[in-house]
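S.K.: got a predicted structure here, sequence first:
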Amino acid sequence: MLNSISSIDGRYRKHTEPLAEFFSEQAFMRYRVVVETEYLLALAQIPNFKIQITSKSQIQNLGKNFSNEDAEEIKKIEQTTNHDFKAIEYWMGEKLPEYKNWIHFGLTSWDTTNIAYALMIRGALEKVIVPALDNIYNALRVLSGSTTKYAMLARTHGQPASPTTFGKEMAVFASRLGRQLDQLKGCKLTAKLNGATGNYNALVVAYPKIDWVAFSKKLGLG
């Protein structure tokens, strides 16, 4: 199933469905298409490069409007290529025949794939995971403030100990979650775009006068 993310789908689908937009097989295909289209557009912006883009939207729409039908087409191609990324490359070549020779130019599969992973994780964090954790954090803070007078027995080493309040214990959980949230929000996702062994070999051989390191950094991938 192209929209499943793992074996926890099924009975738990109502809980995991928001993540399918980022972690399903279809989403994985879509993000790689997005990376490839943006890379193609970036190549075309290099002065004196041979690519002439006639319609930017035509290229960007491949990823923006990626559908179940597109994913199914790629899966059919994969039956022949026996390589998931090569199937995407061929599919894009069919959709953009005028740019076929420039799709995935000078890259290795991992260049596109690792960037796609970073975008998938960032999207899931920003749109699903962090908002959900923020809601839990805020709920714990509210609960802590409204239950400060509710005494309860505390324990240490599994034995009864000096009393505490329910509100204080909820404040502990809120504090721990808040600390982890700050770390999560501050985490910087990195990626690479530099060829099979990280030396820009194919790109430098084809266009030795272009500063490919600067090109990579300009895309935010250096």
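M.R.: On my side now, so go ahead.

S.K.: just give me the residue closest to the centre of the protein.
M.R.: The centroid of the chain falls nearest to residue 120 when counting by Cα atoms, centre = their mean (1.4 Å).

S.K.: what is the mean pLDDT for the helix or strand where that residue lies?
M.R.: Residue 120 is located in helix 109-124, with elements delineated by DSSP states H and E. For helix 109-124, the mean per-residue pLDDT is 96.

S.K.: residue 80 - nearest residue in space that isn't next to it in sequence?
M.R.: residue 87 (7.9 Å; Cβ to Cβ, 6 or more residues apart in numbering). All C-beta atoms are positioned from the backbone trio N, CA, C, and that covers glycine.

S.K.: which SS class is the one you found?
M.R.: Look at residue 87: counting by DSSP: H, G, I helix; E, B strand; the rest coil, its state is helix.

S.K.: if we can go back for a sec, distance of the residue nearest to the centre of the chain from residue 27?
M.R.: 7 Å (Cβ to Cβ, to the nearest Å).

S.K.: for the closest residue to residue 2 other than its chain neighbours, the count of nearby residues, please.
M.R.: In space, and not counting its chain neighbours, residue 2 is closest to residue 26: 4.3 Å by Cβ to Cβ, 6+ apart. Applying other Cβ atoms under 10 Å, we find 22 residues neighbouring residue 26.

S.K.: shaky segments in the chain?
M.R.: Under the criterion pLDDT under 70, the flagged ranges of the chain are 1, 7-8, 220-222.

S.K.: which parts of it are strands?
M.R.: For the chain, the strands defined by DSSP state E cover 151-152, 155-156, 159-160, 164-165.

S.K.: dump the ones you listed into a markdown table; add mean neighbour count as well.
M.R.: Output for the strands of the chain, formatted as a markdown table (neighbours: other Cβ atoms under 10 Å):
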| stretch | mean neighbour count |
| --- | --- |
| strand 151-152 | 12 |
| strand 155-156 | 10 |
| strand 159-160 | 8 |
| strand 164-165 | 16 |
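
S.K.: buried residues, stretch 139-155. List them.
M.R.: 140, 141, 143, 144, 147 (16 or more other Cβ atoms under 10 Å).

S.K.: taking those one by one, which sit in helices?
M.R.: Counting by DSSP state H, these place 140, 141, 143, 144 in helices.

S.K.: ok, and what's touching stretch 131-148?
M.R.: Outside stretch 131-148, the residues that touch it by Cβ atoms under 8 Å, 6 or more residues apart in numbering are 165, 166, 167, 168, 170, 171, 173, 174, 177, 178, 181, 184.

S.K.: again but with stretch 105-124, I slipped
M.R.: Residues contacting stretch 105-124 (Cβ under 8 Å, 6+ apart): 19, 21-23, 27-28, 31-32, 34-36, 39-40, 43, 85-86, 104, 189-196, 200, 202-203, 206, 221.

S.K.: circling back: take the strands of the chain and lay them out in TSV including distance to residue 60.
M.R.: TSV is the format used below for the strands of the chain (distance: least, Cβ to Cβ, whole Å):
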stretch	distance to residue 60
strand 151-152	57
strand 155-156	58
strand 159-160	64
strand 164-165	55
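
S.K.: can you add distance to residue 13 and give the ones in helices among the buried residues of stretch 139-155 back as TSV?
M.R.: Formatted as TSV, those follow (distance: Cβ to Cβ, whole Å):
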residue	distance to residue 13
140	27
141	31
143	29
144	33
